[in-house]
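> A predicted structure for the sequence below; I have some questions about it.
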Amino acid sequence: MEEIHSIAKEEGIVVVEDCAHALGIQWDGVQLGRQAAVACYSTQSAKVINSGEGGFFCTDDEEMAAKAYCYAGCYERLYSQHVVSPPDAVFDKVKLAIPNYSLRMNDLAAACIRPQVNAAHAFASSSSLLRLGSHTHRI
């Protein structure tokens, strides 16, 4: 991954990392997906956190986050209902150029996920965590 990130930085390419099976997995002490501009975690039925369908889009980039919110639906300022959200100015910059697909997670799927988040955190903190990289290897 270091080489991929190096090439992407050199060429100005945005890295989106599919971390569907990597929740709690680290490379050289860093959660997989953390170095990418975007990390996506699936919560489909066979994944670490299971909601049947759905997932998480994780980024520190405010504009990418605003665009993702708008794809899910930002009409009537729905983005203001999120606990964590980019500033309104970022939404004003992108919302008219992004189609609304209304791809939001339903309440039932979210209710299935909430108790699993703490369990996933406990799993990631346990000694069974697989750490990859040049410094620590353990299962």
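Received it, and whenever you're ready, just let me know what you need.

> Now do Ser85 against Val38, distance only.
16 Å (Cβ to Cβ, to the nearest Å). Placement of C-beta: from N, CA and C, glycine included.

> What segments of this protein are strands?
Under the criterion DSSP state E, the chain contains strands at 16-18, 26-27, 30-31, 38-42, 55-59, 131-132.

> Counting by contacts, list what the fifth one packs against.
The criterion is 3 or more Cβ pairs under 8 Å, 6 or more residues apart in numbering; DSSP states H and E, and the helices and strands that strand 55-59 contacts are strand 38-42, helix 62-73.

> want to throw the ones you listed into CSV with distance to Ser102, mean pLDDT and mean neighbour count?
Output for these, formatted as CSV (distance: least, Cβ to Cβ, whole Å; pLDDT from 0 to 100; neighbours: other Cβ atoms under 10 Å):
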stretch, distance to Ser102, mean pLDDT, mean neighbour count
strand 38-42, 19, 91, 20
helix 62-73, 5, 90, 19
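
> most tightly surrounded among the strands of the chain?
Mean neighbour count (mean count of other Cβ atoms under 10 Å) peaks for strand 38-42 among the strands of the chain, with a mean of 20.
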